[in-house]
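# I would like to see how this sequence folds:
(one chain, ligands or ions: 1)
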Amino acid sequence: MAETIFITGVSCGLGHGLAKVYLEQGATVYGCSRRAPEELIAQGLLFQKIDLADAERGQPELAKWLSGVPQFDTVILNAAKLGEIRDMQATPLSDLRETMEINVWANKWLLDTLFAEERPVQQVVAISSGASLSGSRGWNGYSLSKGALNMLIQLYAGEQPQTHFTSLAPGLVDTAMQDYLTTLPADERFKPLAILKAAKGTEQMPDGESCARRLIGAFSELRQRASGSYADIRKL
Ligand SMILES: NC(=O)c1ccc[n+]([C@@H]2O[C@H](COP(=O)([O-])OP(=O)(O)OC[C@H]3O[C@@H](n4cnc5c(N)ncnc54)[C@H](OP(=O)(O)O)[C@@H]3O)[C@@H](O)[C@H]2O)c1
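Below you'll find the predicted structure:
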């Protein structure tokens, strides 16, 4: 039977690649973002426009859209905001709040809605980042939010023993996030920038679709690990 998949952030980058690969495999794919990926919709993507920064509107929209969907094989919490690379002190609280809203709290209401109606979910993969552990100077709200995401996933794993959870760092992916990072001026304060600039255009930074194929290929292996744990695709 065809798998049923749910992916956030399908309009571009890694999420677009994940949706494309699953559609090619014949899966039923539900995807959301603010912008609509018209070519994926033409290929059968079941799309709903949702702003993950707006829980009050987003959660009821999501619940209505998914009402009656009996189960999900795989849920991929992929959408995220990077924000500007700058010091914590230079980052407005409003910006940090928005980053936490999209990268952490939206995943809380997404999971609550997905598990509503006693809907079974086999596996949840939250796309994390090496930044969740590294805390490099300049990565401010992004690092904070990805660290909190890892813990959110561990907490849900304790509550939902019938579902397998992982926070998965996808490695470097050549997407809009990296277009922003690799075109910033060199800055001694923000050390990873030099590494990212060197990796851009090499096999160290595959495009969203290539990375998606690699991640999907590793999802069954993830299930051998403890539910709720963090993994890095580069170390599997
Ligand atoms: N690129 C990398 O090197 C890298 C490295 C480590 C981890 N990651 C992680 O990989 C995942 C995908 O990143 P990416 O590089 O593909 O990023 P991206 O190209 O910037 O795409 C981000 C996706 O998230 C969606 N999104 C952002 N804000 C949203 C909002 N408020 N509501 C709904 N959707 C929203 C965007 O859709 P709309 O703008 O249309 O809403 C877009 O589809 C993220 O979790 C990121 O942290 C990426």
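# How much space separates D232 from Q123?
Noted for D232: a distance of 18 Å to Q123, by C-beta to C-beta, to the nearest Å. Quick note: C-beta positions are derived from backbone N, CA and C, even for glycine.
# what do you get for V173?
Per C-beta to C-beta, V173 is found 21 Å from Q123.
# go on, A176?
From A176 to Q123 the distance is 27 Å (C-beta to C-beta).
# Looking only at neighbour counts, state which of D232 and Q123 leads.
Q123 (19 against 16; other C-beta atoms under 10 Å).
# Please confirm that that one is located within a strand.
Yes - using DSSP: H, G, I helix; E, B strand; the rest coil, the assignment for Q123 is a strand.
# Show me what from this protein comes close to the ligand.
Contact residues (C-beta under 6 Å from any ligand atom) of the chain with the ligand: 9-15, 33-35, 50-53, 78-81, 102, 127, 129, 169-170, 172-173, 175-178, 208.
# Just the ones in helices from these, please.
Under the assignment DSSP state H, the residues of the chain next to the ligand contribute 13-15, 176-178, 208 to helices.
# And those, which two are furthest apart?
G15 and Q178 (14.5 Å; C-beta to C-beta).
# State the number of residues packed around G9.
25.
# so who does it touch?
Residues near G9 by C-beta atoms under 8 Å, 6 or more residues apart in numbering: 15, 32-33, 78-80.
# Return the residues in contact with the closest residue to it other than its chain neighbours.
Counting by C-beta to C-beta, 6 or more residues apart in numbering, A79 is the residue found nearest to G9 once chain neighbours are left out, at 2.9 Å. For A79, the contact set (C-beta under 8 Å, 6+ apart) comprises 8-9, 15, 32-33, 52, 102, 106.
# one more time with 7 Å, if that's ok
Counting by C-beta atoms under 7 Å, 6 or more residues apart in numbering, A79 touches 8-9, 15, 33, 52, 102.
# Now list the buried members of these.
8-9, 15, 33, 52, 102 (16 or more other C-beta atoms under 10 Å).
# neighbours around the residue of the chain found nearest the ligand, how many?
Closest approach between the chain and the ligand, counting by C-beta to the nearest ligand atom: G13, at 2.2 Å. Residues within reach of G13, counting by other C-beta under 10 Å, total 25.
# Repeat that for L82.
19.
# ditto for the one 5 residues further on
Other residues within reach of D87, judged by other C-beta under 10 Å, total 11.
# L236 now?
L236 - counted by other C-beta under 10 Å - has 13 other residues nearby.
# Please look at it and Q224 and confirm they touch.
No - contact criterion C-beta atoms under 7 Å: L236 and Q224 do not qualify, at 10.2 Å.
# is it true that N78 touches H16?
No - N78 is not in contact with H16 according to C-beta under 7 Å; the separation is 9.5 Å.
# Check the buried ones among the contacts of A79 against L110 and report the nearest one.
Using C-beta to C-beta, T8 comes nearest to L110 of the buried ones among the contacts of A79, at 6.7 Å.
# Hmm, V29 and that closest one touching each other?
No - using C-beta under 7 Å, T8 makes no contact with V29, being 11.8 Å away.
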